[in-house]
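K.L.:
predicted model and sequence below, questions to follow.
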Amino acid sequence: MSARPGGDRLKRLAAKGVTKLSLSQYYAAGRRLLKHRNGAGGAAGFSAVRLTAAFLHRELSVRIGQTAAGLERGPSPYRLDKIPQFAALAANYARDLSLLVDGTPEPATPEANEAFVATLRTLKDEYRANMWVLSQGLRALSSAIDSRDPRVVPAFLLAPAQRHLPPGLARAGGAGRTACLAPSGNMEMADPGRWPGAAAEAAARVAAAAAAAAATEPGLLQQQQQPQCWTPNPVCPVPCHSAACRARRLWGGDSAQQCAETQTRRFLDWLYQMNLGTQLLIEDHVAIYDRGQNLVQIIQPLAIASRAAHDARAVCERHYGAPAPAVDVVAPKPDVTTTYVPHHLYSMLFQLLKNALRATVERHRGQRGAPPPITLVMSSGDEDVTFRVSDQGGGIPLSQVDAIWSYRRTTREPDASEGPAAAPGSEAFMRRAGDAPLFGAGDGLPMARQIARYFGGDLDLVSMEGVGTDAYLHLSRSRNAAEPALDLSTLLDAASAAAAPQPA
């Protein structure tokens, strides 16, 4: 995105490292603040508060600054700054950074700490609104891509490859030569008959072309894992993996579109995770002062799962005006406990159960008798707590499984009257989910996966077309499970590594 005022400060903050925190560190810091938040322990007590608050003041400035910088420097090939919602996000983060760094002194005294907590309350509301703006921005991005809006979609993604070949390459392209997408986003002619023996040589040419393109056309696509062919059934210089092949089929064999999707998804994964961690830091601190409760707790997962099932069924019944399918809960170890963020677990299970209920009702609508139940199984081992949500909603074709994790998917048109409702992953979501619509904005599953992965877990789906889908949600039981690498430099380095030539 275009440069903004305070660019030097953003560069300095982007160069600083994000501190990775573990569940145990969140829990211990929260318990310490609960003990001393009201001045208990005198000067020694406030010393403990001051250390935690000072760390939070510095850490939030780094995270918010890196988020603002990421919106300017993210590797997506699409011109996100041309989408009003993304431009608004960048402005919001710059404003939040100014409020924190310029308008809120470091909490070195009790009075300064009160001002700091007041700022966090403001930021808490801002982040809820920002997640709504991001969701609307994703819908606008999808619309721009579908309509091939030239203000957002770069030229090399708008037309067949041959139309955008540089004249020199077009003249050089003789029989047997094929247009391939280089990591720069430009096109390179190569002879498929010489692959893969000349893959290393081709990769070197591609790297040189990428370096030249980066100097002349920095706004175009800068990264891709490997050269990809533009032919309908490409012969690739590097052997394909099954997931990549499925992704190319998803995009009709258009490797440029698949590459753009991959780069954009990587950036949005990072953006969601950065927001998730920043939001947790803010909400945890505010909850301690306002409600006397920290958000990282020792929880009973089954109790949270049961509440999510109840609320998801209520949403389903309200939408269809008929009894929802039953949710059969199976838990061999019902009393198991673990350290986690309750509203994170709730939001993931609520999303999975809501999807399962909707698919089941839609498939069995009009049939006699009650629809088949959803099965929710909770299993606990030494390392993980695992949930399986199984439905008989007809399943998903294999070719469409990868699209489930795309932020471009949407299942309904937005309702302008909804406003910025609590976002999944926020502490308020658990209190308001019962009022949520059955059909979401389309980013529920991708975001649920990022929540699962945030502290070392995962989320995946296994589908059988014609039968149903099993969703597997894994939570790490380790209290040392730490946040992912959130630094902007990590995102940009990963993109650069993906663009590096692959060995033959």
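P.N.:
Right, received. Where do you want to start? Quick caveat: nothing in here was measured; it's all calculated off a predicted structure. Residues are numbered from 1 along each chain as shown.

K.L.:
can you give me the strands in this structure?
P.N.:
Counting by DSSP state E, the chain has strands at residues 178-181, 187-190, 228-229, 297-299, 327-330, 338-340, 374-380, 384-390, 458-464, 468-476.

K.L.:
any chance of JSON lines for the ones you listed, columns distance to residue 86 and mean pLDDT?
P.N.:
In this view, the C-beta of every residue, glycine as well, is placed from N, C-alpha and C. Formatted as JSON lines, these follow (distance: least, C-beta to C-beta, whole Å; pLDDT from 0 to 100):
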{"stretch": "strand 178-181", "distance to residue 86": "25", "mean pLDDT": "43"}
{"stretch": "strand 187-190", "distance to residue 86": "28", "mean pLDDT": "45"}
{"stretch": "strand 228-229", "distance to residue 86": "27", "mean pLDDT": "36"}
{"stretch": "strand 297-299", "distance to residue 86": "35", "mean pLDDT": "95"}
{"stretch": "strand 327-330", "distance to residue 86": "38", "mean pLDDT": "98"}
{"stretch": "strand 338-340", "distance to residue 86": "32", "mean pLDDT": "96"}
{"stretch": "strand 374-380", "distance to residue 86": "36", "mean pLDDT": "98"}
{"stretch": "strand 384-390", "distance to residue 86": "33", "mean pLDDT": "98"}
{"stretch": "strand 458-464", "distance to residue 86": "26", "mean pLDDT": "96"}
{"stretch": "strand 468-476", "distance to residue 86": "30", "mean pLDDT": "97"}
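
K.L.:
what's the neighbour count on residue 90?
P.N.:
Using other C-beta atoms under 10 Å, residue 90 has 20 neighbouring residues.

K.L.:
start at 90 instead
P.N.:
Understood, numbering begins at 90; the last thing we discussed is residue 179.

K.L.:
so it versus residue 365, what's the distance?
P.N.:
Distance from residue 179 to residue 365, counting by C-beta to C-beta, to the nearest Å: 19 Å.

K.L.:
check residue 419 too.
P.N.:
30 Å.

K.L.:
likewise residue 439?
P.N.:
Distance from residue 439 to residue 365, by C-beta to C-beta: 16 Å.

K.L.:
any idea how far residue 441 lies from residue 476?
P.N.:
Distance, residue 441 to residue 476, by C-beta to C-beta: 8 Å.

K.L.:
quick check: neighbours shared by these two?
P.N.:
When C-beta atoms under 8 Å, 6 or more residues apart in numbering defines a contact, the residues bordering residue 441 and residue 476 alike are 560, 562.

K.L.:
tell me the pLDDT of the residue nearest to residue 138 when sequence neighbours are not counted.
P.N.:
Closest residue to residue 138 apart from its sequence neighbours, by C-beta to C-beta, 6 or more residues apart in numbering: residue 125 at 5.1 Å. Model confidence at residue 125, expressed as pLDDT, equals 78.

K.L.:
how about low-confidence regions in the stretch 440-589 of the chain?
P.N.:
The stretch 440-589 of the chain contains residues with pLDDT under 70 at 498-531, 583-589.

K.L.:
go again using 90 as the cut-off
P.N.:
The stretch 440-589 of the chain contains residues with pLDDT under 90 at 455-458, 488-533, 568, 574-589.

K.L.:
which one is residue 357 nearest to, not counting chain neighbours?
P.N.:
That would be residue 496: by C-beta to C-beta, 6+ apart, it lies 5.0 Å from residue 357.

K.L.:
list the contacts for that neighbour?
P.N.:
Applying C-beta under 8 Å, 6+ apart to residue 496 gives the contacts 227, 353-354, 357, 531-532, 535.

K.L.:
cool, and residue 156?
P.N.:
Counting by C-beta under 8 Å, 6+ apart, residue 156 makes contact with 182, 360, 363-364, 367.
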